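Asker: Predicted structure and sequence below. I'll ask about it afterward.
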Amino acid sequence: MQTYRGTALLLLDDDRQIAAGADLRKNDAGSWAGSLTFPAEAKTPELLNLTEGTLRIAGRDGKFNRLNTSDWIGSPAGRVRIRIEGNGDAPF
């Protein structure tokens, strides 16, 4: 699969999970990247300052990096959107 649009879970270090909408894609080299969209109530300092994490899609985990913690500025109304770059195998 080259693209994934659907639901995902952001796994936090304290075992919490935050549901997200995911819009992700892989390139021919196997690298993956995209965006995660969260409800406004998820807008916490922990999420806004997140620089790396784990994403779970249908039971598969994928590690990612977030290079720009100000990327949420300009998110759609009532949402928080961040951009991520995969670090290893894609979870989709």
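Answerer: All right, it came through fine. Residues are numbered from 1 along each chain as shown.

Asker: what ranges do the helices span in this structure?
Answerer: All helices of the chain, identified by DSSP state H, fall at 45-48.

Asker: low-confidence ranges in it?
Answerer: Under the criterion of pLDDT under 70, the regions of the chain flagged as low confidence span 1.

Asker: Look up how far residue 28 lies from the most centrally placed residue in it.
Answerer: Among the residues of the chain, the one closest to the centroid is residue 36, at 4.1 Å (CA atoms, centre = their mean). The spacing between residue 36 and residue 28, counted by CB to CB, to the nearest Å, is 23 Å. Using the backbone N, CA and C atoms, a C-beta is placed for each residue, glycine as well.

Asker: before we move on, back to that, identify all residues paired with the residue nearest to the centre of the chain through a beta bridge.
Answerer: residue 22, residue 82 (DSSP bridges).

Asker: Surely it is in contact with residue 79?
Answerer: No: at 10.2 Å, residue 36 and residue 79 do not qualify as touching, with contact defined as CB atoms under 8 Å.

Asker: Verify the stated contact: residue 89 with residue 64.
Answerer: No: Residue 89 lies out of contact with residue 64 (CB under 8 Å); the separation is 11.1 Å.

Asker: higher neighbour count, the two?
Answerer: residue 64 (25 against 13; other CB atoms under 10 Å).

Asker: Tell me which residues touch residue 88, please.
Answerer: Applying CB atoms under 8 Å, 6 or more residues apart in numbering, one finds that residue 88 lies in contact with 62-63.

Asker: how near is it to residue 5?
Answerer: Using CB to CB, we find residue 88 at a distance of 21 Å from residue 5.

Asker: Tell me which stretches of the protein form strands.
Answerer: Shown for the chain, the strands assigned by DSSP state E span residues 3-11, 17-26, 32-39, 52-57, 60-65, 79-86.
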